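Q: Fold the following for me, if possible:
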Amino acid sequence: MRNFMIALCMMTISYAATAQYDPAFRFGIKAGANLSNINGSNDLSLSSGNNPFNFKDNDNRSLGFVGGVFFRFGKTFYVQPELLLSQKGGRFNVYEDGVQDANGKVDVRFSNFDVPVLLGVRIAKFFRVNVGPVASLRLSSNGKLGDSFDDVTGGNSGAEFKNRLAYGYQAGVGFDFGRLSLDVRYEGNFTDVVKVDFDNATTASQFGKKSNLFQATLGFSIL
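A: Have a look, this model is predicted:
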């Protein structure tokens, strides 16, 4: 019983100290998940006239990891830059001669280094609203987009992935519980997340798509 009371007192003191945590500067770590997709008009066609990829009104999403560090300067009004590793992509159908490929949906994933810079306002002690730009540098991909191009063109499509740097925006809400924080955001793109140049088998020399995602992260302030 004595040990239980001591533990209960320690937990109460720890919670009270955390609840009073409200500094003008925060530095912490965060991690969570992205639910992203790739969409846009269907503007890629082969020399045969077929359009092998269905991107229009695409609502198939891929689940990916996001994590990194954040800095927050200010209380009521604040600036919050972040450094994140983020998995993005989407799932879409591949067609051949107008018929969906037997492999079904292709799950494309890109690993990115993201730098969002958010401007926010705290409406209550625990509730925040923020919005701002984000720069995204593509580090790698799982190769399935290139494989899909090769499968449809019957060999080496000569696809060359370009436009490694994309720009977009993030907007969302956040909740602070002492050192803990929960953020839910939407991200959209101003530029194509990937551009692909072809050297054969296509009537379109270049193809590019935008993406969007929903993001949820849990953070912990170290400072």
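
Q: quick one: low-confidence ranges for this structure?
A: Applying pLDDT under 70 to the chain flags residues 1-19, 39-59, 92-105, 142-163, 193-209.

Q: so where do the strands sit in it?
A: Assigned by DSSP state E, the strands in the chain fall at 25-39, 53-54, 62-73, 77-96, 99-122, 127-141, 160-162, 165-177, 180-189, 194-197, 206-221.

Q: want to throw those strands into TSV with mean neighbour count?
A: No exception for glycine: its C-beta is placed from N, CA and C like everyone else's. Below are the strands of the chain laid out as TSV (neighbours: other Cβ atoms under 10 Å):
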stretch	mean neighbour count
strand 25-39	18
strand 53-54	19
strand 62-73	18
strand 77-96	19
strand 99-122	17
strand 127-141	16
strand 160-162	13
strand 165-177	17
strand 180-189	18
strand 194-197	19
strand 206-221	19
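
Q: Please report how far residue 192 lies from residue 210.
A: 6 Å (Cβ to Cβ, to the nearest Å).

Q: Ok, residue 85 next?
A: Per Cβ to Cβ, residue 85 is found 21 Å from residue 210.

Q: Kindly report the same for residue 64.
A: 17 Å.

Q: beta partners for residue 108?
A: Beta-bridge partners recorded for residue 108 (DSSP bridges): residue 90.

Q: wait, doesn't it sit right on residue 141?
A: Yes: between residue 108 and residue 141 there is a contact under Cβ atoms under 8 Å: 7.1 Å.

Q: residues in contact with the closest residue in space to residue 210 that isn't next to it in sequence?
A: Nearest residue to residue 210, sequence neighbours excluded (Cβ to Cβ, 6 or more residues apart in numbering): residue 189, at 4.4 Å. Each residue near residue 189 by Cβ atoms under 8 Å, 6 or more residues apart in numbering is listed here: 166, 167, 168, 210, 211, 212.

Q: so what's residue 33 bridging to?
A: On the basis of DSSP bridges, residue 33 is bridged to residue 65, residue 216.

Q: Who are the contact partners of it?
A: With contact set as Cβ under 8 Å, 6+ apart, residue 33 has these partners: 63, 64, 65, 66, 215, 216, 217.

Q: Quick one: residues contacting residue 181.
A: Residue 181 makes contacts with 28, 30, 174, 175, 218, 219, 220, 221, as judged by Cβ under 8 Å, 6+ apart.

Q: Same check on residue 89?
A: By Cβ under 8 Å, 6+ apart, the contact set of residue 89 is 36, 37, 38, 62, 64, 107, 108, 109, 110, 142, 211.
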